[in-house]
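Chemist: Prediction below, plus the sequence it came from.
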Amino acid sequence: LSTVLFLFIPHLFDLKKKDEPIKNYLFKNYGLTLSQYENIKYNPLPRPNFEIQNAKIEINQRTIPVNVTSLIIFPKLYNIYNFENLEIDKIFLNNNQILLSDSDLKIFIDYIFSLKKKITFKNLNIKIERNKEHLINLKKIYLKNYGYDKNIVKGEIFNKNFKISINDNQNEINFKLFKT
(Lines give C-alpha, C1' and ligand atoms only; values in the text may rest on other atoms or scores of the structure.)
Protein backbone atom coordinates (compact mmCIF):
# COMPACT_ATOMS: atom_id res chain seq x y z
CA LEU A 1 0.00 0.00 0.00
CA SER A 2 2.80 2.42 0.86
CA THR A 3 4.47 1.82 -2.51
CA VAL A 4 1.21 2.53 -4.34
CA LEU A 5 0.77 5.76 -2.36
CA PHE A 6 4.41 6.72 -2.99
CA LEU A 7 3.95 6.31 -6.75
CA PHE A 8 0.50 7.91 -7.08
CA ILE A 9 0.64 10.94 -4.74
CA PRO A 10 2.50 13.13 -7.30
CA HIS A 11 -0.76 13.17 -9.29
CA LEU A 12 -1.95 15.69 -6.70
CA PHE A 13 0.85 18.18 -7.47
CA ASP A 14 0.43 21.18 -9.74
CA LEU A 15 3.49 20.42 -11.86
CA LYS A 16 3.31 23.72 -13.76
CA LYS A 17 4.40 25.40 -10.51
CA LYS A 18 7.41 23.09 -10.36
CA ASP A 19 8.63 23.65 -13.92
CA GLU A 20 11.64 25.88 -13.10
CA PRO A 21 13.81 23.05 -11.66
CA ILE A 22 12.90 20.92 -14.69
CA LYS A 23 13.78 23.73 -17.11
CA ASN A 24 17.06 24.41 -15.30
CA TYR A 25 18.04 20.74 -15.28
CA LEU A 26 17.26 20.32 -18.99
CA PHE A 27 19.33 23.39 -19.81
CA LYS A 28 22.34 22.56 -17.62
CA ASN A 29 22.54 18.84 -18.38
CA TYR A 30 21.01 18.48 -21.85
CA GLY A 31 21.57 21.89 -23.43
CA LEU A 32 17.81 22.16 -24.03
CA THR A 33 15.85 25.36 -23.51
CA LEU A 34 12.18 24.69 -22.83
CA SER A 35 10.51 27.86 -24.10
CA GLN A 36 6.85 26.89 -23.94
CA TYR A 37 4.60 23.92 -23.35
CA GLU A 38 0.95 23.07 -22.98
CA ASN A 39 0.92 20.82 -19.92
CA ILE A 40 3.03 18.71 -17.56
CA LYS A 41 1.57 15.50 -16.24
CA TYR A 42 2.84 12.72 -14.04
CA ASN A 43 2.65 9.07 -15.14
CA PRO A 44 3.38 6.54 -12.38
CA LEU A 45 3.43 3.45 -14.58
CA PRO A 46 5.17 1.55 -16.07
CA ARG A 47 8.02 3.71 -14.73
CA PRO A 48 7.44 7.04 -12.98
CA ASN A 49 7.89 9.93 -15.42
CA PHE A 50 6.87 13.49 -16.15
CA GLU A 51 5.40 14.14 -19.57
CA ILE A 52 5.63 17.63 -21.02
CA GLN A 53 3.07 17.95 -23.78
CA ASN A 54 3.29 20.08 -26.94
CA ALA A 55 6.60 21.67 -26.08
CA LYS A 56 8.85 24.01 -27.99
CA ILE A 57 12.52 23.61 -27.21
CA GLU A 58 15.80 24.88 -28.60
CA ILE A 59 18.87 22.69 -28.80
CA ASN A 60 22.36 23.60 -27.72
CA GLN A 61 21.93 27.37 -27.50
CA ARG A 62 22.17 27.49 -31.29
CA THR A 63 18.42 27.88 -31.35
CA ILE A 64 17.75 24.76 -33.35
CA PRO A 65 13.98 24.75 -32.76
CA VAL A 66 12.22 21.48 -32.04
CA ASN A 67 8.47 21.02 -31.73
CA VAL A 68 7.88 18.07 -29.44
CA THR A 69 4.47 16.43 -28.94
CA SER A 70 5.64 14.47 -25.93
CA LEU A 71 8.82 15.12 -23.92
CA ILE A 72 9.05 12.36 -21.31
CA ILE A 73 11.42 12.84 -18.40
CA PHE A 74 12.41 9.81 -16.33
CA PRO A 75 13.67 11.10 -12.97
CA LYS A 76 15.51 8.98 -10.47
CA LEU A 77 12.84 7.31 -8.32
CA TYR A 78 13.66 9.36 -5.22
CA ASN A 79 13.25 12.58 -7.26
CA ILE A 80 9.53 12.30 -7.97
CA TYR A 81 9.08 14.48 -4.89
CA ASN A 82 12.34 16.41 -4.67
CA PHE A 83 12.42 18.93 -7.51
CA GLU A 84 15.07 21.19 -5.99
CA ASN A 85 17.73 18.45 -6.27
CA LEU A 86 16.30 16.94 -9.43
CA GLU A 87 18.24 14.16 -11.13
CA ILE A 88 17.04 12.72 -14.41
CA ASP A 89 17.96 9.26 -15.64
CA LYS A 90 16.99 9.86 -19.29
CA ILE A 91 14.65 11.81 -21.53
CA PHE A 92 12.52 10.61 -24.41
CA LEU A 93 11.31 12.96 -27.17
CA ASN A 94 8.37 11.52 -29.09
CA ASN A 95 6.77 12.93 -32.28
CA ASN A 96 9.20 15.74 -33.06
CA GLN A 97 9.55 18.24 -35.89
CA ILE A 98 12.84 19.97 -36.71
CA LEU A 99 13.58 22.40 -39.51
CA LEU A 100 17.35 22.51 -40.07
CA SER A 101 19.62 24.32 -42.41
CA ASP A 102 22.15 22.00 -43.99
CA SER A 103 24.90 23.68 -41.94
CA ASP A 104 23.03 22.96 -38.68
CA LEU A 105 22.76 19.23 -39.42
CA LYS A 106 26.35 18.61 -38.30
CA ILE A 107 25.74 20.65 -35.13
CA PHE A 108 22.65 18.54 -34.37
CA ILE A 109 24.54 15.26 -34.91
CA ASP A 110 27.46 16.46 -32.78
CA TYR A 111 25.02 17.46 -30.06
CA ILE A 112 23.43 14.00 -29.93
CA PHE A 113 26.66 12.02 -29.95
CA SER A 114 28.61 14.25 -27.55
CA LEU A 115 25.82 14.40 -24.97
CA LYS A 116 26.74 12.52 -21.79
CA LYS A 117 23.14 12.19 -20.58
CA LYS A 118 20.74 9.64 -22.07
CA ILE A 119 18.39 10.91 -24.78
CA THR A 120 16.06 9.17 -27.24
CA PHE A 121 14.27 10.62 -30.26
CA LYS A 122 11.33 8.65 -31.64
CA ASN A 123 9.27 9.66 -34.68
CA LEU A 124 11.56 12.58 -35.42
CA ASN A 125 10.87 14.35 -38.70
CA ILE A 126 13.68 16.55 -40.01
CA LYS A 127 13.26 18.96 -42.90
CA ILE A 128 16.61 20.12 -44.23
CA GLU A 129 16.95 23.37 -46.16
CA ARG A 130 19.71 25.33 -47.84
CA ASN A 131 19.17 29.06 -48.29
CA LYS A 132 15.47 28.57 -47.47
CA GLU A 133 15.16 26.05 -50.31
CA HIS A 134 13.86 22.60 -49.33
CA LEU A 135 16.47 19.85 -49.77
CA ILE A 136 15.17 16.67 -48.17
CA ASN A 137 12.84 15.18 -45.56
CA LEU A 138 13.98 12.54 -43.10
CA LYS A 139 10.95 10.92 -41.46
CA LYS A 140 10.15 8.59 -38.56
CA ILE A 141 13.69 8.76 -37.24
CA TYR A 142 14.59 6.68 -34.20
CA LEU A 143 17.83 7.71 -32.56
CA LYS A 144 19.40 7.37 -29.14
CA ASN A 145 22.83 7.98 -27.66
CA TYR A 146 23.05 5.03 -25.26
CA GLY A 147 22.49 1.29 -25.02
CA TYR A 148 22.32 -1.30 -27.76
CA ASP A 149 21.11 1.18 -30.41
CA LYS A 150 23.74 3.79 -29.59
CA ASN A 151 25.07 5.50 -32.73
CA ILE A 152 22.38 3.92 -34.92
CA VAL A 153 19.88 6.08 -36.78
CA LYS A 154 16.80 4.44 -38.28
CA GLY A 155 14.16 6.20 -40.32
CA GLU A 156 12.61 6.83 -43.68
CA ILE A 157 13.85 8.73 -46.72
CA PHE A 158 12.16 8.81 -50.15
CA ASN A 159 9.49 6.50 -48.65
CA LYS A 160 12.16 3.83 -48.07
CA ASN A 161 13.51 2.67 -44.71
CA PHE A 162 17.14 3.37 -43.93
CA LYS A 163 19.68 2.59 -41.24
CA ILE A 164 22.83 4.55 -40.50
CA SER A 165 25.55 3.20 -38.21
CA ILE A 166 28.12 5.70 -36.97
CA ASN A 167 31.28 4.69 -35.13
CA ASP A 168 32.20 6.37 -31.84
CA ASN A 169 34.67 8.76 -33.50
CA GLN A 170 32.04 9.81 -36.05
CA ASN A 171 34.54 9.29 -38.87
CA GLU A 172 32.96 6.16 -40.35
CA ILE A 173 29.34 5.97 -41.48
CA ASN A 174 27.55 2.89 -42.81
CA PHE A 175 24.32 3.78 -44.68
CA LYS A 176 21.81 1.12 -45.77
CA LEU A 177 18.69 1.84 -47.77
CA PHE A 178 16.18 -1.02 -47.59
CA LYS A 179 13.68 -2.23 -50.20
CA THR A 180 15.37 -0.67 -53.20
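Modeler: Thanks, I have it.
Chemist: switch to C-alpha atoms for all contacts and neighbour counts from now on
Modeler: Noted.
Chemist: I'd say residue 70 and residue 93 touch.
Modeler: Yes - Residue 70 lies in contact with residue 93 (Cα atoms under 8 Å); the separation is 6.0 Å.
Chemist: Between those two, point out the one with more neighbours.
Modeler: residue 93 (24 against 21; other Cα atoms under 10 Å).
Chemist: quick one: that one and residue 168, what's the gap?
Modeler: According to Cα to Cα, to the nearest Å, residue 93 and residue 168 sit 22 Å apart.
Chemist: ditto for residue 124
Modeler: Distance of residue 124 to residue 168, given as Cα to Cα: 22 Å.
Chemist: Repeat that for residue 157.
Modeler: 24 Å.
Chemist: Now do the contacts for the most centrally placed residue in the chain.
Modeler: By Cα atoms, centre = their mean, the chain has its centre lying nearest to residue 93, at 3.4 Å. For residue 93, the contacting residues are 68-72, 119-122, by Cα atoms under 8 Å, 6 or more residues apart in numbering.
Chemist: Can you show me the strands along this structure?
Modeler: 32-36, 39-43, 49-59, 64-75, 88-101, 118-130, 133-144, 152-157, 160-166, 173-177 (DSSP state E).
Chemist: Any chance of a markdown table for those, columns mean pLDDT?
Modeler: What follows is the strands of the chain, written out as a markdown table (pLDDT from 0 to 100):
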| stretch | mean pLDDT |
| --- | --- |
| strand 32-36 | 87 |
| strand 39-43 | 82 |
| strand 49-59 | 88 |
| strand 64-75 | 88 |
| strand 88-101 | 89 |
| strand 118-130 | 92 |
| strand 133-144 | 90 |
| strand 152-157 | 91 |
| strand 160-166 | 90 |
| strand 173-177 | 86 |
